[in-house]
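J.: Just need the structure, nothing else, for what follows:
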Amino acid sequence: MANTLVLDRKSSAMLRENINDLIALAAVAEERSFTRAAARLNVSQSALSHKIKSLEQRLGLRLLTRTTRSVAPTLEGEDLLATLNPCFEKIEARLMALNDARDEPTGTVRIVAVEYAIDTILWPKLAPLLKDYPKMNLEFVMDYGYTDLASSQCDAGVRYGDQVSDGMIAMKIGPEERMICVAAPGYFEVAGRPETPQDLSDHRCINLRLSTHGALYAWEFEDADGHEINVKVQGQLCFNTIHPILRAAVDGHGLALVPDRLAAKDIAEGRLEVCLDDYCPSFPGFHLYYPSRQRPSSAFQVVLDALRHRD
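T.: Presented below is the predicted three-dimensional model:
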């Protein structure tokens, strides 16, 4: 037991030493000067130089190139800093958020999402926050495109899956989803049931027009071998949001491809029936995406904590 405590203390001391020296390295690399970095860290120039030399000796690498006029990272130093800097930024942002959280969260959090995500994920999880934090405001922007957050002045967006561009973080906020093909019983009685996705060309279908580029959404299916099947359907009706599509299907105007959770009540109560069920796979559910370099405000941190999906 005593030996374990000694080892833990040694490990802890070594960790503190490494962290302090890495902070010193990042400061010198950013300032390109030992003098300016020493002033920034409030240490003597000699003490700072000793820290860097000690770190280089432990690693067996030269991390900085020193000249009479400037200091610059070596290739090894650049590689190390590329790993360190994002970590330091995240730690700093989190500490600032915790500091903000000492007071009541304030400000506006603006999120762009499709109507279905707002109704089934965002609103149920975030509505209670309005009572708990009266100084916090929420704004929802409905859009079916992959919105550029900067141009739309939104703090975060919602999309299916965790594939996002560089500089973004994706956080899971909902369960897996499944799009199913449905119609009213009366429609099937008259038009029959499609047996394969290719049969949809003989049916009236209710289209969704995507706001991103104005194209019609191609219905997506998957065969028994996992091959994707995309079908462009035709019909008298087209909407740019999902809820009217569901209503039109219930009213007997054709087939609709809708989220299974959205149609669950109408199916359970007999207003809709499912077809092509074997061709409708599950896929990753909704994820919140937001800039990785964004300093989370206390209000945004509260939103993140509330939305995080817990399996």
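
J.: Break this structure down into its domains, please.
T.: For the chain, automatic domain parsing gives the domain ranges 2-100, 107-175+285-307, 177-282.

J.: mind putting these in CSV, mean neighbour count included?
T.: (Each C-beta comes from the backbone N, C-alpha and C, glycine too.) Listed next are those as CSV, based on neighbours: other Cβ atoms under 10 Å:
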stretch, mean neighbour count
domain 2-100, 14
domain 107-175+285-307, 17
domain 177-282, 16
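
J.: Would you reformat those domains as CSV and include mean pLDDT?
T.: Output for those, formatted as CSV (pLDDT from 0 to 100):
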stretch, mean pLDDT
domain 2-100, 78
domain 107-175+285-307, 86
domain 177-282, 94
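
J.: So what pairs up with the residue lying closest to L216 once chain neighbours are set aside in the strands?
T.: Once flanking residues are discounted, L216 sits nearest to N207: 5.0 Å by Cβ to Cβ, 6 or more residues apart in numbering. On the basis of DSSP bridges, N207 is bridged to C238.

J.: so N207 makes contact with Y217?
T.: Yes: N207 is in contact with Y217 according to Cβ atoms under 8 Å; the separation is 7.0 Å.

J.: hey, where'd the helices end up in the protein?
T.: Counting by DSSP state H, the chain has helices at residues 2-31, 34-41, 45-59, 75-100, 115-117, 123-132, 149-152, 185-191, 242-250, 260-268, 298-307.

J.: Output those in JSON lines; the columns should cover distance to F283.
T.: Below are those laid out as JSON lines (distance: least, Cβ to Cβ, whole Å):
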{"stretch": "helix 2-31", "distance to F283": "41"}
{"stretch": "helix 34-41", "distance to F283": "49"}
{"stretch": "helix 45-59", "distance to F283": "45"}
{"stretch": "helix 75-100", "distance to F283": "29"}
{"stretch": "helix 115-117", "distance to F283": "14"}
{"stretch": "helix 123-132", "distance to F283": "21"}
{"stretch": "helix 149-152", "distance to F283": "23"}
{"stretch": "helix 185-191", "distance to F283": "26"}
{"stretch": "helix 242-250", "distance to F283": "16"}
{"stretch": "helix 260-268", "distance to F283": "11"}
{"stretch": "helix 298-307", "distance to F283": "19"}
